[in-house]
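Participant: I need the structure of the sequence given here:
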Amino acid sequence: MKYLCLLLTTLVCFTFGFAQTKPQYLQASANGRYLQWSEDKPFFINACSALSLTTSYSDQEVKEYLDNRVASKFNTIQLCAVFAEMVKTIADSAFQNQDLLKPELRFWNHVDWVVKQATDRGLVVMINPIWKQSLSELLKANGPDKCRKFGERFAQRYKSNPKVIYFLGGNEAPDPVRAELDEMGKGIQNVYEGKAILAYLSEPDQSGMEAFSQSSWITLNMTHAYSSSGGKRYPYSINYDNRGSFPKVPVLLAKGYYDFGDAKTYLENGIVDRWGNRHVIRRQAWWNFLSGGIGNVYGAEGICYRNSGGQTWMHCTNYGSSKDMAILKLLVDKIKWWKLQPDVNHQLLVGGFGTYLNDDYAVCSVSENKAQAIIYTPVSQSLELRLPDFGQHCRLRWFDPVTGKYSPIDMRFPKKKKKSVIISTPGINHSGSNDWVLIIEGSRLIQQ
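Facilitator: Coordinates of the predicted model:
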């Protein structure tokens, strides 16, 4: 009888305890600086952009692509449900008579299948309901009220899936469908009672919060930035500006240069139009991370736009720039990255950091307790550091952003606060470029 009671108790606990445990959803941290599953599980977004995944890939290709991205250490996929950039008539497949409230079930069942394939593999899906850049006329024809209801219905599809987050827009400012997009955002948040992770992807040099500064539905601030070759703002400068203007909304670099591999001949600076070479792609990711970004969206033209320019999507997964994203994530996973604060006023990196709004600019971030600092320099430089806050002794190491290997630096911290030291980069890294990451650990951290 005793064992029977124990068995019944176990079954009751399983039925009403474990089986009914609520799934964890992503949420903003208490200070609004990053995303987390819970207070002890911050989430760094390492995303790959595959906007055409639902509309251009075969079912087998979807599975192979997702398996590859998991193996390559990506944890998020950026995609779009209705993406008309490659198939102009895709809206006809998605809706009856171009009516947002009359979905074609076959199309939407396929979108649901793609989302489930991704989240079943443990990936977070960052999904856009409808790509604004090519479908503004459709949104305008449906009007704000239908757009709000469409947003509600779209959110209802995935509310029970904790690994789905959202973004609206599509590489353009909101006008002329600002009202329609605003209502769509409100519709999604209505379903989540204001707790959805929801962003807006705007035009270059503009963040989502800057595009919708008067709206309350944005909970993730997407940035879109290149460099002086592609716009007026850099990933680090737009981050600094937005962290100051919108301190309670996490910042994510959602669009920058894409890699186009051998399909493009890059200029001496590694850039041509909106594409960049391996160094440029890696550089923008590190710039973003150490200026306060909570993640990065990697872009390869042949993945995002399936097989574009003769670059097959599978070939693109082997780009060196794709592998570099895994190396950045390797370091992120070893540190308390959410404790880092950008050294905007150069309290630690006091000299040798290049020129602001220039390709040679080095970025620095320091942990709240001054136990750790990380500096990324995109070129060969002699970095001048003021280090007394870290203790009398320290450990400095170079980190190769291509291989993830460390090179030690033997030195002591200066005892006098006004003194500084100069550390020069060690030459070329494993890919033949001159960018390096400097990691500084104070005596308190070393002793742990």
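Participant: Poorly predicted segments of the stretch 1-150 of the chain, please.
Facilitator: 1-22 (pLDDT under 70).
Participant: beta partners for L201?
Facilitator: Beta-bridge partners for L201, by DSSP bridges, are G169.
Participant: So what's the residue count around it?
Facilitator: Neighbour count of L201, defined by other CB atoms under 10 Å: 27. Every C-beta, even on glycine, is put in place using the N, C-alpha and C of the backbone.
Participant: Same question for P103.
Facilitator: When neighbours are counted by other CB under 10 Å, P103 comes out with 18.
Participant: can you map out the helices along the stretch 251-400 of the chain?
Facilitator: 278-290, 301-304, 313-316, 320-332 (DSSP state H, counting those that start in this stretch).
Participant: And the stretch 101-250 of the chain, by the same measure?
Facilitator: Under DSSP H, counting those that start in this stretch, the stretch 101-250 of the chain gives helices at 105-120, 132-158, 178-192, 208-211, 235-245.
Participant: what about those helices, which gets the closest to F44?
Facilitator: For the helices of the stretch 101-250 of the chain, the distance to F44 is smallest for helix 235-245, at 14.8 Å, taking CB to CB.
Participant: Wait, a helix at K73?
Facilitator: No - assessed with DSSP: H, G, I helix; E, B strand; the rest coil, K73 is coil; it does not lie in a helix.
Participant: For burial, what's the neighbour tally of the closest residue to it other than its chain neighbours?
Facilitator: Once flanking residues are discounted, K73 sits nearest to A326: 3.9 Å by CB to CB, 6 or more residues apart in numbering. Using other CB under 10 Å, A326 has 15 neighbouring residues.
Participant: Just the pLDDT for A326.
Facilitator: With respect to pLDDT, A326 scores 98.
Participant: Contact partners for it?
Facilitator: With contact set as CB atoms under 8 Å, 6 or more residues apart in numbering, A326 has these partners: N46, S72, K73, F74.
Participant: Identify the bridge partners of E384.
Facilitator: Applying DSSP bridges, one finds that E384 bridges with G351, I422.
Participant: what residue is smack in the middle of the chain?
Facilitator: What sits nearest the mean C-alpha location of the chain, by CA atoms, centre = their mean, is N296, with 2.8 Å.
Participant: wait, it sits on R283?
Facilitator: No - checked against CB atoms under 8 Å, the pair N296 and R283 is beyond contact range at 11.4 Å.
Participant: Tell me how far P401 lies from L340.
Facilitator: Separation of P401 from L340 (CB to CB, to the nearest Å): 16 Å.
Participant: swap that for E210, please
Facilitator: Relative to L340, and taking CB to CB, E210 is found at 24 Å.
Participant: cool, and G244?
Facilitator: G244 is 16 Å from L340, where distance means CB to CB.
Participant: Who has more neighbours out of the two?
Facilitator: Legend: neighbour count by other CB under 10 Å for G244 and L340, higher for L340 (22 against 10).
Participant: Could you give the bridge partners of the closest residue to the more buried one other than its chain neighbours?
Facilitator: Nearest non-adjacent residue to L340, counting by CB to CB, 6+ apart: S365, 4.1 Å away. Judged by DSSP bridges, the bridge partners of S365 are P342, I374.
Participant: hang on, L290 packs against Y376?
Facilitator: Yes - counting by CB under 8 Å, L290 touches Y376, with 5.3 Å between them.
Participant: Run through who's touching stretch 207-221.
Facilitator: So stretch 207-221 is contacted by 28, 35, 165, 167, 169, 173-174, 182, 185-186, 188-189, 194-202, 222-224, 238, 242, 245-246, 249-252 (CB under 8 Å, 6+ apart).
Participant: repeat that for 6 Å
Facilitator: 173-174, 182, 185-186, 189, 197-200, 202, 222-223, 242, 246, 249-252 (CB atoms under 6 Å, 6 or more residues apart in numbering).
Participant: What of stretch 134-142?
Facilitator: Taking contacts as CB under 6 Å, 6+ apart, the residues outside stretch 134-142 that touch it are A84, E85, A91, Q98, L100, V177, E180.
Participant: Which of these are buried? Put it as a PyMOL command.
Facilitator: Only the buried entries of the contacts of stretch 134-142 go into this PyMOL selection, using 16 or more other CB atoms under 10 Å:
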select buried, resi 84+85+91+100+177+180
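Participant: Pipe the contacts of stretch 134-142 into a markdown table and attach distance to D40 per row.
Facilitator: Output for those, formatted as a markdown table (distance: CB to CB, whole Å):
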| residue | distance to D40 |
| --- | --- |
| A84 | 42 |
| E85 | 40 |
| A91 | 43 |
| Q98 | 47 |
| L100 | 40 |
| V177 | 41 |
| E180 | 40 |
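Participant: List the ones among the contacts of stretch 134-142 that fall in helices.
Facilitator: Among the contacts of stretch 134-142, DSSP state H puts A91, E180 in helices.
Participant: Kindly tell me how buried the closest residue to the residue nearest to the centre of the chain other than its chain neighbours is, as a neighbour count.
Facilitator: Excluding the flanking residues, the one nearest N296 by CB to CB, 6+ apart is A285, at 4.6 Å. Around A285 there are 27 other residues, counting by other CB under 10 Å.
Participant: From C48, how far off is A285?
Facilitator: For A285 relative to C48 (CB to CB), the value is 12 Å.
Participant: In CSV, list the C-alpha atoms belonging to stretch 160-170.
Facilitator: Output of stretch 160-170 as CSV, limited to C-alpha atoms (Å, rounded to 0.1, in the frame of the first residue of the first chain):
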residue,chain,number,x,y,z
SER,A,160,2.5,29.0,-27.8
ASN,A,161,6.0,28.7,-29.2
PRO,A,162,8.4,30.5,-26.9
LYS,A,163,11.2,30.4,-29.5
VAL,A,164,9.4,32.8,-31.9
ILE,A,165,10.1,36.6,-31.8
TYR,A,166,9.0,39.2,-34.4
PHE,A,167,10.1,42.1,-36.5
LEU,A,168,8.3,44.4,-39.0
GLY,A,169,9.3,46.5,-41.9
GLY,A,170,12.0,45.6,-44.3
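Participant: Just the residues contacting that stretch, thanks.
Facilitator: Applying CB under 6 Å, 6+ apart, the external contacts of stretch 160-170 come out as 23, 25, 119, 124-126, 128, 131-133, 158, 181, 185, 188, 197-202.
Participant: Tell me the buried residues within those residues.
Facilitator: The neighbour-count test (16+ other CB under 10 Å) marks 25, 119, 124-126, 128, 131-132, 158, 181, 185, 188, 197-202 as buried among the contacts of stretch 160-170.
Participant: closest to G231 among the contacts of stretch 134-142?
Facilitator: Distance to G231 across the contacts of stretch 134-142 (CB to CB) is lowest for E85, with 20.4 Å.
Participant: per the record, what domains does this structure have?
Facilitator: What automatic domain parsing lists as the domains of the chain is 22-332, 343-447.
Participant: which one of the ones you listed is the most hemmed in?
Facilitator: Ranked by mean neighbour count, the domains of the chain are led by domain 22-332 with a mean of 20 (mean count of other CB atoms under 10 Å).
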